[in-house]
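**Q** based on what follows, work out the 3D shape:
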Amino acid sequence: MEPICVSPNNIPHDYSNSVEVYESAMREDVNEEDEALNMLNTFDKNRDGVLDFEEFSNLLQHIFQLGPIDMTSEEKLKSFMLLLDLNNDGVIDRTEFQHAWTHCFDKILHPVTALIIVDVQNDFIDGSLALRHCPAQQDGAEVVPVINRLLEEREFDLVVYSMDWHPDTHISFIDNVHMYPLDKGCTKRFDECCTYDEVTFDLSPPRTQVLWPAHCIQDSEGAKLASNLKVSPGAVRIYKGTNPDIDSYSAFFDNMRLSQTSLQEELEKRHVTDVYICGLAYDVCVAATGVDAVGLGYRTVIVNDACRGVMEDKIKEEKEKLQEQGALVLESDEAMKLLANKARPNFDLGCFTAKTMPPFAST
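**A** Model (predicted):
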């Protein structure tokens with residue numbers, strides 16, 4: 001199909017060719033500026049060169065395949081429009097629409113996806129820190145078939161495996177607590193500390209650390225990926241927690257953000273817009289990775305049934321925190337539908353994209 005050029009003489013007042021324009025906009029060989037102009041002209045029903053609320057709502061309803069508009073959804077549409085109405089005049093003009101198309105709608109219509117599989121390693125499944133022996137008694141092995149199904153049935157632009165990769169002197173290990181000075185305010189002595197205790201070490205800068213059994217020691221059997229986990233060809237591996245003096249829950253940064261892994265660089269190289277995160281442990285490394293992904297502006301989906309955690313109350317708390325910050329928490333079936341239906345994106349992820357647009361720079 002050739003790209004559609006909509007002129008003032010053939011703008012359809014009933015949006016009858018909006019499907020064609022939408023499909024044209026999804027073509028990779030269509031110029032971005034033409035995409036934007038086609039969409040603006042198609043939904044500019046009164047031909048005044050701008051989109052009022054009714055016209056903009058029709059555009060959003062078409063893109064996101066929204067159902068009938070009630071009071072709640074109307075408020076959401078108004079909130080979306082306010083994010084794009086840079087001069088607050090109640091309409092979206094051509095300049096505002098072009099800016100929104102480049103920094104918002106283009107990401108929505110042309111998502112680039114990455115699956116980030118967090119720490120699905122032997123020690124968390126049946127080794128020294130097996131989740132089934134943790135307070136929540138969840139079985140880490142249960143995530144493997146769910147993740148394998150995602151890899152087998154959906155195509156991601158990038159697959160990432162993050163891995164705890166600790167030296168045997170790591171600060172997080174309960175057996176090493178005597179190796180680091182405790183803060184003067186700590187109420188316990190070295191020999192009184194227990195697994196899962198949170199202590200503060202008198203380092204520069206001071207750092208708070210949960211104490212864990214030794215796990216995922218570099219080059220050990222326990223540090224290997226689960227043997228039945230599908231490893232995607234061309235996948236990227238991110239090694240974290242390699243500094244003995246600081247932990248690294250997130251696949252992006254260490255816990256104090258003193259250093260970062262190569263994950264953000266890998267995502268940026270491939271122009272990734274959407275990250276799907278799963279793995280172990282939900283309330284620790286998965287949650288930390290999700291929070292950082294949202295903070296860095298990635299449209300973030302946590303695949304709920306492809307995660308298992310340490311503590312029930314903490315899992316609930318971290319899940320709520322992620323949702324409050326803009327991440328979606330979906331079951332794998334829902335995530336697979338979203339991945340299979342890129343041409344009809346999720347409205348909440350679209351709102352997140354609008355909120356994280358860069359400011360407009362006038363020339």
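**Q** from here on, just use CA atoms for contacts and neighbour counts.
**A** OK.
**Q** can I get the longest strand anywhere in the chain as CSV, trimmed to CA atoms?
**A** Assignment by DSSP state E gives strand 299-308 as the longest strand of the chain. The C-alpha atoms that make up strand 299-308 are tabulated as CSV, following Å, rounded to 0.1, in the frame of the first residue of the first chain:
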residue,chain,number,x,y,z
ARG,A,299,7.8,1.6,29.2
THR,A,300,8.0,-1.2,31.7
VAL,A,301,5.9,-4.4,32.1
ILE,A,302,6.5,-6.8,35.0
VAL,A,303,5.5,-10.4,34.0
ASN,A,304,3.9,-11.3,37.3
ASP,A,305,3.6,-15.1,36.9
ALA,A,306,7.2,-15.3,35.7
CYS,A,307,8.5,-13.9,39.0
ARG,A,308,9.0,-15.4,42.5
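**Q** what's the burial count for the residue nearest to Gly241 when sequence neighbours are not counted?
**A** Using C-alpha to C-alpha, 6 or more residues apart in numbering and skipping residues adjacent in sequence, the residue nearest Gly241 is Ser248, 4.7 Å away. Using other C-alpha atoms under 10 Å, Ser248 has 27 other residues around it.
**Q** and the next helix or strand after the longest strand of the chain, which residues are buried?
**A** Counting by DSSP states H and E, the element after strand 299-308 in chain order, helix or strand, is helix 312-325. Within helix 312-325, the residues scored as buried using 16 or more other C-alpha atoms under 10 Å are Lys314, Ile315, Glu318, Lys319, Leu322, Gln323.
**Q** the fifth one and Asp292 touch, don't they?
**A** Read it as Leu322. No: using C-alpha atoms under 8 Å, Leu322 makes no contact with Asp292, being 9.9 Å away.
**Q** find the residues that touch each one of those two.
**A** By C-alpha atoms under 8 Å, 6 or more residues apart in numbering, Leu322 and Asp292 have no common neighbours.
**Q** hang on, the earlier thing: let's have the buried residues of helix 312-325 in a markdown table, adding distance to Pro233 and pLDDT.
**A** Formatted as a markdown table, those follow (distance: C-alpha to C-alpha, whole Å; pLDDT from 0 to 100):
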| residue | distance to Pro233 | pLDDT |
| --- | --- | --- |
| Lys314 | 34 | 97 |
| Ile315 | 31 | 98 |
| Glu318 | 32 | 97 |
| Lys319 | 31 | 97 |
| Leu322 | 30 | 97 |
| Gln323 | 32 | 95 |
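**Q** just the helices in the protein please.
**A** Counting by DSSP state H, the chain has helices at residues 18-25, 32-43, 53-64, 71-84, 94-100, 106-109, 122-125, 143-153, 263-269, 287-295, 312-325, 332-340, 347-355.
**Q** and of those helices, who's closest to Val160?
**A** Nearest to Val160 among the helices of the chain is helix 263-269 (8.3 Å), distances taken as C-alpha to C-alpha.
**Q** can I get the closest one as CSV, trimmed to CA atoms?
**A** Output of helix 263-269 as CSV, limited to C-alpha atoms (Å, rounded to 0.1, in the frame of the first residue of the first chain):
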residue,chain,number,x,y,z
LEU,A,263,22.4,-2.7,30.4
GLN,A,264,21.3,0.9,29.6
GLU,A,265,24.0,1.1,26.9
GLU,A,266,22.7,-2.1,25.3
LEU,A,267,19.1,-0.9,25.3
GLU,A,268,20.0,2.4,23.9
LYS,A,269,22.1,0.9,21.1
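**Q** what comes up buried for it?
**A** Buried residues in helix 263-269, defined by neighbour count with 16+ other C-alpha under 10 Å: Leu263, Leu267.
**Q** can you spell out which helices and strands pack onto it?
**A** Contact here means 3 or more C-alpha pairs under 8 Å, 6 or more residues apart in numbering; DSSP states H and E; on that basis helix 263-269 packs against no helix or strand.
**Q** and it, how far out from the chain's middle?
**A** How far helix 263-269 lies from its chain's middle: 13 Å, per C-alpha atoms, centre = their mean, to the nearest Å.
**Q** tell me the mean pLDDT over that helix?
**A** Across helix 263-269, pLDDT averages out at 97.
**Q** ok, now stretch 248-260?
**A** Confidence over stretch 248-260 (mean pLDDT, whole number) is 96.
**Q** ignoring the adjacent residues along the chain, who's closest to His103?
**A** Excluding its sequence neighbours, the residue lying closest to His103 (C-alpha to C-alpha, 6+ apart) is Met357, at 5.8 Å.
**Q** how far away is the one you found from Gly279?
**A** 29 Å (C-alpha to C-alpha, to the nearest Å).
**Q** neighbour count: those two, which is higher?
**A** Between Met357 and Gly279, counted using other C-alpha under 10 Å, Gly279 has the larger neighbour count: 31 against 16.
**Q** bridged to the more buried one, which residues?
**A** Legend: beta-bridge partners of Gly279 under DSSP bridges are Val118, Cys307.
**Q** what pairs with Phe253 across the strands?
**A** Under the criterion used here (DSSP bridges), Phe253 is bridged to Gln260.
**Q** my guess is it meets Gln264, correct?
**A** No: counting by C-alpha under 8 Å, Phe253 sits too far from Gln264 to count as a contact (9.4 Å).
**Q** just to revisit the earlier point, out of the helices of the chain, nearest to Gln209?
**A** Closest to Gln209 of the helices of the chain, according to C-alpha to C-alpha: helix 287-295, at 14.3 Å.
**Q** list the contacts for the residue most central in space within the chain?
**A** The centroid of the chain falls nearest to Thr300 when counting by C-alpha atoms, centre = their mean (2.2 Å). Residues in contact with Thr300 (C-alpha under 8 Å, 6+ apart) are Asp274, Val275, Tyr276, Ile277, Gly290, Ala293, Val294, Gly326, Ala327, Leu328, Leu349.
**Q** noted, bye for now.
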